[in-house]
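Asks: quick one, structure for this:
(4 chains)
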2 protein chains.
Amino acid sequence: MEATHPPQLDSTMMALADPTRRAIIQSLTLKESRVTELAAPFDMSLNAVSKHIRVLERAGLVRRRRVGREHFLSFNGEPLDEVAQWVDRQRSFWTARLDALEELLHQESEEDQSTNRKGEASQ
Amino acid sequence: MEATHPPQLDSTMMALADPTRRAIIQSLTLKESRVTELAAPFDMSLNAVSKHIRVLERAGLVRRRRVGREHFLSFNGEPLDEVAQWVDRQRSFWTARLDALEELLHQESEEDQSTNRKGEASQ
DNA sequence: TCCATATTCAACCTCTTGGTTGAATATCTG
DNA sequence: CAGATATTCAACCAAGAGGTTGAATATGGA
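Replies: Have a look, this model is predicted:
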């Protein structure tokens, strides 16, 4: 069975699976930054952060604008739409099934109560 | 810099980064299943699917109920709440910044128009 | 024009991931 | 009770991830 997800969802979810990359995203939602600015708070080499940025770029979550030797990076929220849709869909299926179960239990409970009343009356 | 995510978000996002695991989740949102039932549609060994299920279990996305030799698996949507919250937060920051930018451009456009009208009058 | 800064490239390393196979374990059934 | 079924365990393998270091490249500034 082939999982029927668009390749976009694959790359987006993989990109977000790493805490460093999520931290980069969080930083970029607040403001555009240069690579060295983004890397500064992390306890890892500049190149390691640069690699993470490339993963985010390939997923379309980060855009880059070059001005001379400086690369300005900004967040693109569009790929998160698909993540939100996928997550909401699973949650709504789950909630619907829980609701159906509760309804079933509720009906059974009402039936038990009326049966009990009849039983009491006959005793 | 330590990424300030709860460990739960880490394990949930990592669990969802794999298309096979997302397909398992999608299957389980529809109905409870046994391991061999879940594995049937996949082109991989039963054990490979069993490993994926364990990853989902560790993330809290799947619960297991054992009856004799059969393990019944069901979906637990709760960890997705955190994913939804994280995603919505980034999107709302992004949208807020885009809105602020548009407002700025709108103001500049109005200023340009009134300046142009004055220029026309003086010519 | 030389030095500084910004950033990527290349090569390397360790560890993890995602898969396989065959064995082991537990339970069910005729 | 022997064979079937369900599932995990253990060991293995290849590929990739995530990091490092040092070199290379491009641009800016004094």
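Asks: can you tell me the element the residue nearest the centre of chain A falls in?
Replies: For chain A, the residue nearest the mean C-alpha position is A:Val83 (5.0 Å; Cα atoms, centre = their mean). A:Val83 belongs to helix A:78-122 when assigned by DSSP states H and E.
Asks: quick check: the gap between the residue lying closest to A:Asp81 once chain neighbours are set aside and DNA strand C.
Replies: Leaving out its chain neighbours, the residue that sits closest to A:Asp81 by Cβ to Cβ, 6 or more residues apart in numbering or on different chains is B:Arg91, at 7.8 Å. The C-beta positions use only the backbone N, C-alpha and C, and glycine is treated the same way. Distance of B:Arg91 to DNA strand C, given as Cβ to the nearest atom of the strand, to the nearest Å: 25 Å.
Asks: surely B:Arg91 and A:Glu78 touch.
Replies: No. Using Cβ atoms under 8 Å, B:Arg91 makes no contact with A:Glu78, being 9.3 Å away.
Asks: any low-confidence regions in chain A?
Replies: For chain A, applying pLDDT under 70 flags the ranges A:1-6, A:112-123.
Asks: who in it is up against DNA strand C?
Replies: When proximity is defined by Cβ under 7 Å from any atom of the strand, chain A lies next to DNA strand C at A:34-37, A:46-47, A:50, A:53-54, A:64, A:69-71.
Asks: ok so, going back, what about the residue nearest to A:Asp81, how many neighbours?
Replies: Neighbourhood size, B:Arg91 [other Cβ atoms under 10 Å in any protein chain shown]: 18.
Asks: mind listing what it touches?
Replies: Neighbouring residues of B:Arg91 by Cβ atoms under 8 Å, 6 or more residues apart in numbering or on different chains: A:Gly77, A:Leu80, A:Asp81, A:Ala84.
Asks: most neighbours of all the residues you listed, which one?
Replies: Busiest of these [other Cβ under 10 Å] is A:Leu80, holding 22 neighbours.
Asks: could you measure from it over to B:Trp86?
Replies: From A:Leu80 across to B:Trp86, the span is 9 Å (Cβ to Cβ, to the nearest Å).
Asks: try A:Asp99
Replies: Taking Cβ to Cβ, one finds A:Asp99 at 26 Å from B:Trp86.
Asks: A:Pro41 now?
Replies: Distance from A:Pro41 to B:Trp86, by Cβ to Cβ: 19 Å.
Asks: which one of those two is surrounded by more residues?
Replies: B:Trp86 (22 against 13).
Asks: find the closest residue to DNA strand D in chain A.
Replies: A:Gly68 (2.4 Å; Cβ to the nearest atom of the strand).
Asks: got phi/psi on that residue?
Replies: phi 60, psi -130 (degrees, to the nearest 10).
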